[in-house]
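**Student:** Mind looking at a prediction? Sequence and model below.
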2 protein chains.
Amino acid sequence: MRIHLQNPDNDPLFDFSRAMWEAAAARSPDIGPDQDVSIGVTPADFVAAMRHAEALVCDASVIKALFPCPAPNLKLIFLTNAGLDKLAPFDWLPPGVVLMNNRGAHATKSGEFAIMSILMLANRIPAMVTNQRHGTWRKLWGSALGGRHLTVVGLGTLGGATAEQAARFGMRVTGVRAHPVPHPACEQVIGTEAIEEALPDSDFLVLACPLTEATRGLMNRRRLECLPSGAGLVNIGRGELLDQDALCDLLDQEHLSGAVLDVFTPEPIPPGHRLWSTRNLIISPHTSADDPATYNPHSLDIFLENLRAWRDGRPLPNRFDIARGY
Amino acid sequence: MRIHLQNPDNDPLFDFSRAMWEAAAARSPDIGPDQDVSIGVTPADFVAAMRHAEALVCDASVIKALFPCPAPNLKLIFLTNAGLDKLAPFDWLPPGVVLMNNRGAHATKSGEFAIMSILMLANRIPAMVTNQRHGTWRKLWGSALGGRHLTVVGLGTLGGATAEQAARFGMRVTGVRAHPVPHPACEQVIGTEAIEEALPDSDFLVLACPLTEATRGLMNRRRLECLPSGAGLVNIGRGELLDQDALCDLLDQEHLSGAVLDVFTPEPIPPGHRLWSTRNLIISPHTSADDPATYNPHSLDIFLENLRAWRDGRPLPNRFDIARGY
């Protein structure tokens, strides 16, 4: 198959290289070495490659900048992002082309970021950082995680990894997902519409679901207020999942004891924005899920796994469902 | 046995209560219910109880404030602290009285704090917090822990729990201890005198040993400079284990990428001290090891385990070795 890898022109840290492809091909000897691979970075590279390419591997920024363009032989697009909400509506997708996302690539890094964030909340790090900013020494006692209650919204790659880490630390985990099928790391799983039942008993809430029309604004002010006094919140999904202003109010009022956020509305956070100075809030600049040292190699492994399924006529594990939004 | 529990008069969060004792006694039905227990908080309570007490359970602040005093029947002192460096020299200890520390009580909480700190360093949280303080949005990419190299100084309760957590995350762990006997969570264990061999290959260094004459100033400027560029440091032992000024210099110069410190010289950190504003440094106010909800119950369990050994004529697991210093 003729495969084109297009690098974004603004983020060399995540560029694909020929050596990276060859290493991935060697890890999948049944399918990797048979492919005819080009790598591009300029718009001219892209347009030229698309005249012949049957598969395209790139990130969402490439699609936004360079698509649609003539691509008469294109059958597969593999995007190295997991959340594709910024590409909706998907009218740019040529008819008959199969779209895949990078579901699964973020499990290890996101799971570690999530359990770190929960540990930071349990140990009162957000409040300690606020005290430090003011040069104030004040004893603040934390707690161990065993037996404490975590609610995780979303049980895909990110939420599943979060639930597994939390269970390893002896936490009681409630999962919230669109269809409440059981999950091995969760004591119980409830449907998204039942989330309010779980909130009053949640020491920690982690938002780890995709942004869809069903989840936009899910944690509105009323629901945030349902969390018990002293609860902590983590968001590794999308900023638009919650009412950010209500969250800042509840932190200022110390109803919530802390928050660790990786995603915001808008991004980048503008200078002087309220978020920068809200107390007991830790800001991570939307980098929680990605480890530059392992991200692209892992993405290529996932792509080749899908290519193998395509060759064998099996369903593609990473096929993106446009109607569902993930 | 006549046992006296003396609460400090300045920290009600960690007070022993009668209910707490009775619950601990019920968990050790072979020995707990036989004891004759008093609980005091004022100096007068203490002096009166010491006229008859055979065992004393208290923290170091009680010893500093109220000892020596007449205690003709005293055989055992159980201190609810693990590090007793502030009570040296031990000339206040009546001849023939056996001293115990609270070794073991801090394992869960300290292990969680240590792995949280390592995750924070791997995820660049100290630098993110510094950027946040200045209202600066700047992408900073972290890494997953698998395969990265941790060196832990001390393999007692704190260091052992740290090594076990790190091994669970797939880290390669080198242990450093006075006598380099193997540890199940460590790939290798070296003697303290050989520490410089391990430093250049350490992504992360955790100081988790007691403060003794052998460890005071262990991480001097020259040794801190042996850490590779980008390394991160955690101190949950004692501030005097390292050259704090050299550490601040190496953080300011960005030779080290971050530090999470729970212990300092002096404590509390004075207003205006350099530590408050050193970049990429997180300050925890010496509370990493203790969980108020579980600390005293756990301490009483450990005390009763020692009382059982005393009754049976076995060596006391928590006997404090004055010559060794832990």
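**Tutor:** Done, it's in.

**Student:** The stretch 201-326 of chain A: strands as residue ranges?
**Tutor:** Using DSSP state E, counting those that start in this stretch, the strands of the stretch 201-326 of chain A run over A:204-207, A:232-235, A:258-261, A:281-283.

**Student:** Adding mean pLDDT, write these out as TSV.
**Tutor:** Below are the strands of the stretch 201-326 of chain A laid out as TSV (pLDDT from 0 to 100):
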stretch	mean pLDDT
strand A:204-207	98
strand A:232-235	98
strand A:258-261	98
strand A:281-283	98
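
**Student:** winner for burial among those strands?
**Tutor:** Compared across the strands of the stretch 201-326 of chain A, strand A:204-207 shows the largest average neighbour count, a mean of 29 (mean count of other Cβ atoms under 10 Å in any protein chain shown). (Each C-beta comes from the backbone N, C-alpha and C, glycine too.)

**Student:** helices or strands up against that strand?
**Tutor:** helix A:107-122, strand A:149-153, strand A:232-235 (3 or more Cβ pairs under 8 Å, 6 or more residues apart in numbering or on different chains; DSSP states H and E).

**Student:** Out of those, flag the one nearest chain B.
**Tutor:** When the helices and strands packed on strand A:204-207 are compared by Cβ to the nearest Cβ, helix A:107-122 sits nearest chain B, at 3.6 Å.

**Student:** That closest one and chain B, are they touching?
**Tutor:** Yes: with Cβ under 8 Å from any Cβ of the partner chain as the criterion, chain B is reached by helix A:107-122 at A:108-109, A:112-113, A:115-116, A:119-120, A:122.

**Student:** Can you convert the helices and strands packed on strand A:204-207 into TSV and add a column each for distance to B:Pro210?
**Tutor:** Output for those, formatted as TSV (distance: least, Cβ to Cβ, whole Å):
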stretch	distance to B:Pro210
helix A:107-122	24
strand A:149-153	34
strand A:232-235	32
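
**Student:** Where is the longest helix in chain A?
**Tutor:** For chain A, the helix with the greatest residue count under DSSP state H is helix A:295-312.

**Student:** counting contacts, what elements does it pack onto?
**Tutor:** Looks like helix A:295-312 contacts helix A:18-27, strand A:55-58, strand A:76-79 (3+ Cβ pairs under 8 Å, 6+ apart).

**Student:** In terms of distance to A:Gly239, which of the residues of helix A:107-122 next to chain B ranks first?
**Tutor:** Checking these against A:Gly239 with Cβ to Cβ, the nearest one is A:Phe113 at 15.9 Å.

**Student:** Can you give me every residue that contacts the closest one?
**Tutor:** A:236, A:262, A:284, A:288-289, B:119, B:123, B:142 (Cβ atoms under 8 Å, 6 or more residues apart in numbering or on different chains).

**Student:** How about A:Leu119?
**Tutor:** Contacts of A:Leu119 were listed using Cβ under 8 Å, 6+ apart, and they are A:145, B:112-113, B:115-116, B:119.

**Student:** with those in mind, which one is nearest to B:Leu99?
**Tutor:** Out of the contacts of A:Leu119, the member with the shortest distance to B:Leu99 (by Cβ to Cβ) is B:Phe113, at 26.6 Å.

**Student:** and the stretch 51-200 of chain A, which of its residues are near chain B?
**Tutor:** So far as Cβ under 8 Å from any Cβ goes, the stretch 51-200 of chain A lies against chain B at A:108-109, A:112-113, A:115-116, A:119-120, A:122-125, A:128-129, A:131-133, A:135, A:137-146, A:168-169.

**Student:** Write a ChimeraX command that selects only the buried members of those residues.
**Tutor:** Selecting only the buried entries of these in ChimeraX, with 16 or more other Cβ atoms under 10 Å in any protein chain shown as the criterion:
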select /A:108,109,112,113,115,116,119,120,122,123,124,125,128,129,131,132,137,141,142,143,144,145,169
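
**Student:** Just give the closest residue to the residue of chain A most remote from its centre, not the sequence neighbours.
**Tutor:** Of all residues in chain A, A:Trp137 has its C-alpha farthest from the mean position, at 35.7 Å, by Cα atoms, centre = their mean. Distances taken as Cβ to Cβ, 6 or more residues apart in numbering or on different chains place B:Pro268 nearest to A:Trp137, at 3.8 Å, with adjacent residues excluded.

**Student:** My guess is the one you found contacts B:Trp276. True?
**Tutor:** No: in this structure B:Pro268 lies outside contact range of B:Trp276 using Cβ atoms under 8 Å: 11.1 Å.

**Student:** picking up where we left off before, got the residues of helix A:107-122 next to chain B as JSON lines, with pLDDT and distance to B:Pro184 columns?
**Tutor:** As requested, the residues of helix A:107-122 next to chain B are exported to JSON lines (pLDDT from 0 to 100; distance: Cβ to Cβ, whole Å):
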{"residue": "A:Thr108", "pLDDT": "94", "distance to B:Pro184": "24"}
{"residue": "A:Lys109", "pLDDT": "96", "distance to B:Pro184": "27"}
{"residue": "A:Glu112", "pLDDT": "98", "distance to B:Pro184": "23"}
{"residue": "A:Phe113", "pLDDT": "98", "distance to B:Pro184": "28"}
{"residue": "A:Ile115", "pLDDT": "98", "distance to B:Pro184": "22"}
{"residue": "A:Met116", "pLDDT": "98", "distance to B:Pro184": "24"}
{"residue": "A:Leu119", "pLDDT": "98", "distance to B:Pro184": "23"}
{"residue": "A:Met120", "pLDDT": "98", "distance to B:Pro184": "28"}
{"residue": "A:Ala122", "pLDDT": "98", "distance to B:Pro184": "26"}
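
**Student:** Quick one: these as TSV, columns for distance to A:Lys64 too.
**Tutor:** Formatted as TSV, the residues of helix A:107-122 next to chain B follow (distance: Cβ to Cβ, whole Å):
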residue	distance to A:Lys64
A:Thr108	28
A:Lys109	24
A:Glu112	29
A:Phe113	26
A:Ile115	33
A:Met116	31
A:Leu119	36
A:Met120	34
A:Ala122	39
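
**Student:** and the two most separated of these?
**Tutor:** Farthest-apart pair in the residues of helix A:107-122 next to chain B is A:Thr108 and A:Ala122; separation 21.4 Å (Cβ to Cβ).

**Student:** separation between the closest residue to A:Pro210 other than its chain neighbours and chain B?
**Tutor:** Once flanking residues are discounted, A:Pro210 sits nearest to A:Tyr326: 4.0 Å by Cβ to Cβ, 6+ apart. Noted for A:Tyr326: a distance of 23 Å to chain B, by Cβ to the nearest Cβ, to the nearest Å.

**Student:** wait, A:Tyr326 sits on A:Met100?
**Tutor:** No: with contact defined as Cβ under 8 Å, A:Tyr326 does not reach A:Met100; the gap is 11.9 Å.

**Student:** among the helices and strands packed on helix A:295-312, which is nearest B:Glu305?
**Tutor:** Of all the helices and strands packed on helix A:295-312, helix A:18-27 sits nearest to B:Glu305, with 51.3 Å by Cβ to Cβ.

**Student:** in which helix or strand would I find the residue nearest to A:Trp276 when sequence neighbours are not counted?
**Tutor:** Nearest residue to A:Trp276 in three dimensions, chain neighbours excluded: B:Gly135, at 4.4 Å (Cβ to Cβ, 6+ apart). Under DSSP states H and E, no helix or strand contains B:Gly135.
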